[in-house]
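# no sequence on this one, just coordinates:
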């Protein structure tokens, strides 16, 4: 492990922190552990020698030599190759000294023993090597398995989550549970400033995160362990994919002089990599959505402007033409033509007036300036006024009402406008002289008003869209209009806690229903 | 007959002048409230068309100043979306109102009605509206020659509406004239019920009334039934 001292310019005191380089190989046995291993090997060989000394006459030297392989194997598995070799050498020395005649001397009477020693050492070292590498492989496999399991667990939690906060919470919870520490995830907001996106509930960090370290990690993409002998360590891990850093994951803290182990850091690295991929996915998704929305609203705005200028200019053009014809003395107009031109002016003016009323209504709805002047009203009366307003259409309009309806607590003028819009829509999209039917159906809590026409009707899948402002049905593009009437109707009805919907009628035509709550409990309609 | 036009829009004044002069009325014009008040007392008009939104004074203020001195007929020119303002103007002494944008026919009808009511102080004792004949001297109401049976309150209500034929009456005006001074907001409820009863007796189709029209948020108006015509 490499420890690099950094001094942060803005820090008033020098704090020790270290940059953790990626993928540090090798173990980190401390010196104390190292010495202890050799001592234990020595003791093991001594004990074995003592145990073999007593019944030494029962054994052939070959058997004894085999038994000295035991500490070598144990050392290889427990402490690795070097202590194992040490055990082998020590074993040969003890064997020679205590069991090979002349006893208590390193001199060898039979030179064949030297060959035996050589073979013993070779076998011991080979076995030790095999055992050590086996042990390493097992350990690596176990670690890999742990990492895989942890990654799998996390990936299952965050794979399809669309919200950055939910992903953040899943990541910190998973990491926090795995390592039993507090975890904080920092992800840049829209302005690029790192903000806390998620943190584990308990325990929380005992000291605040260092913003300078956070920034450094975010900018450089290297992991940093911040802390030391006198303070518990906090890990700052970058959430990194390829060359981009998407945020910082902070972990802390075990306690004094208890840094995160290499194994833990390997798992953490994998986890933060996975988290980074998820954060990146969400970031890109939301960027794509924003771009899509911007394009969409651009398209809608252009369409609205086109439609608005068309809707306003058409009647103005008609009026200008008609006025020009009427005022030109050189054009001899028959009385019939004059009447026709005057009728054109009249129609155009009415059309502009309708459009202006609807545009103003929309503005009032959108700006929240519409306040309800609720008063007890008579639905029959309102319907009468609405039909009277549209008498010019010369349609057979029938109204069917239950006898003695209770009073409706609504804004009379606004509900009237809503109904006029629905009714003029019905007139607009049905052939001349076809009937319109208005029916009211009461229930204890509300009243429903159905307006049915026998016109082009609507498709079921369009039924909701027609209440969106500026929406025009595809099958009625040829009929002029801005697509405001029903949107205003919906705005007014919803302000009254009611709802409005449309459905196709059979065999033809459409039904638009407005449902309004009575608001006041129906009153007794007795004679005074 | 002299008519004073108080409106700050020159185009509106021009159109009104042409329309009124074509009907044989003399016109006087004022572009703001102060000039309008001066003109009211110097030219002594028979009817005033008063815009509710003037640059200097509000139309209501001008109306109040006029009413302190004169009983001249006043018709307010209003915009569509303020019913309470209309009620305030009517209760404050205005004879009627027309809503911008308005048609020539509608305006002329209002002017004629207002002038008629100002000239003849006592309403005629026999009023004929559509198929309805009302003889208030003999307390008789007939529809197509058939006598109708009305309750006393229905009769009083019809009397008030018919006496103000063509003119709008606010709810509180109707309540005062039919029930007397002791009226409250609650009574609007009964007013509505009696209008409903009355319509059932006198209207051909009570769901689509032709004689007693509702002015939403304002009140009621009794009118001659329209022959179906699209002219404005």
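That came through fine. Small disclaimer: the values here were computed from a predicted structure and weren't measured.
# C-alpha only now, for contacts and for neighbours.
Noted.
# Now do the contacts for the spatially most central residue of chain B.
Residue closest to the mean C-alpha point of chain B, counted by CA atoms, centre = their mean, is residue B:167 at 2.7 Å. Neighbour list for residue B:167: B:95, B:96, B:110, B:113, B:114, B:221, B:222, B:223 [criterion: CA atoms under 8 Å, 6 or more residues apart in numbering or on different chains].
# try 6 Å
Counting by CA atoms under 6 Å, 6 or more residues apart in numbering or on different chains, residue B:167 makes contact with residue B:221.
# where's it relative to residue B:205, distance?
22 Å (CA to CA, to the nearest Å).
# What strands line up against the longest strand anywhere in chain B, and which way round?
Criterion DSSP state E: the longest strand present in chain B is strand B:73-79. Strand pairing for strand B:73-79, determined by DSSP bridges: strand B:47-51 (parallel), strand B:96-100 (parallel).
# Which positions in the first one come out as buried?
Put plainly, it is strand B:47-51. For strand B:47-51, the neighbour count (16 or more other CA atoms under 10 Å in any protein chain shown) marks B:47, B:48, B:49, B:50, B:51 as buried.
# how about the residues you listed in a markdown table, adding pLDDT?
A markdown table is the format used below for these (pLDDT from 0 to 100):
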| residue | pLDDT |
| --- | --- |
| B:47 | 94 |
| B:48 | 95 |
| B:49 | 94 |
| B:50 | 94 |
| B:51 | 92 |
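# At which residues are the strands of chain B located?
Here chain B has its strands, by DSSP E, at B:2-6, B:26-30, B:47-51, B:73-79, B:96-100, B:126-129, B:132-135, B:140-143, B:146-147, B:168-170, B:212-215, B:219-222.
# Including distance to residue B:190, could the ones you listed go into JSON lines?
Output for the strands of chain B, formatted as JSON lines (distance: least, CA to CA, whole Å):
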{"stretch": "strand B:2-6", "distance to residue B:190": "38"}
{"stretch": "strand B:26-30", "distance to residue B:190": "43"}
{"stretch": "strand B:47-51", "distance to residue B:190": "33"}
{"stretch": "strand B:73-79", "distance to residue B:190": "28"}
{"stretch": "strand B:96-100", "distance to residue B:190": "24"}
{"stretch": "strand B:126-129", "distance to residue B:190": "25"}
{"stretch": "strand B:132-135", "distance to residue B:190": "23"}
{"stretch": "strand B:140-143", "distance to residue B:190": "22"}
{"stretch": "strand B:146-147", "distance to residue B:190": "25"}
{"stretch": "strand B:168-170", "distance to residue B:190": "14"}
{"stretch": "strand B:212-215", "distance to residue B:190": "15"}
{"stretch": "strand B:219-222", "distance to residue B:190": "14"}
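# right, so of those strands, which gets closest to residue A:269?
strand B:73-79 (70.5 Å; CA to CA).
# would you list the strands paired with strand B:73-79 in TSV and tack on distance to residue A:379?
Formatted as TSV, these follow (distance: least, CA to CA, whole Å):
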stretch	distance to residue A:379
strand B:47-51	32
strand B:96-100	23
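# on that earlier part again, which positions within the longest strand of chain B qualify as buried?
B:73, B:74, B:75, B:76, B:77, B:78, B:79.
# tell me the least confident of those residues?
Ranked by pLDDT, the buried residues of strand B:73-79 bottom out at residue B:79, which scores 81.
# what's the spacing between it and chain A?
Noted for residue B:79: a distance of 11 Å to chain A, by CA to the nearest CA, to the nearest Å.
# partners of that residue in the sheet?
Those that pair with residue B:79 in a beta bridge, by DSSP bridges, are residue B:100.
# pretty sure it contacts residue B:102?
No. Between residue B:79 and residue B:102 there is no contact under CA atoms under 6 Å: 9.8 Å.
# Around chain B, pick out the residues from the stretch 101-250 of chain A.
Residues of the stretch 101-250 of chain A lying close to chain B (CA under 6 Å from any CA of the partner chain): none.
# got the residues of chain A near chain B?
Residues of chain A lying near chain B (CA under 6 Å from any CA): A:384, A:392, A:413.
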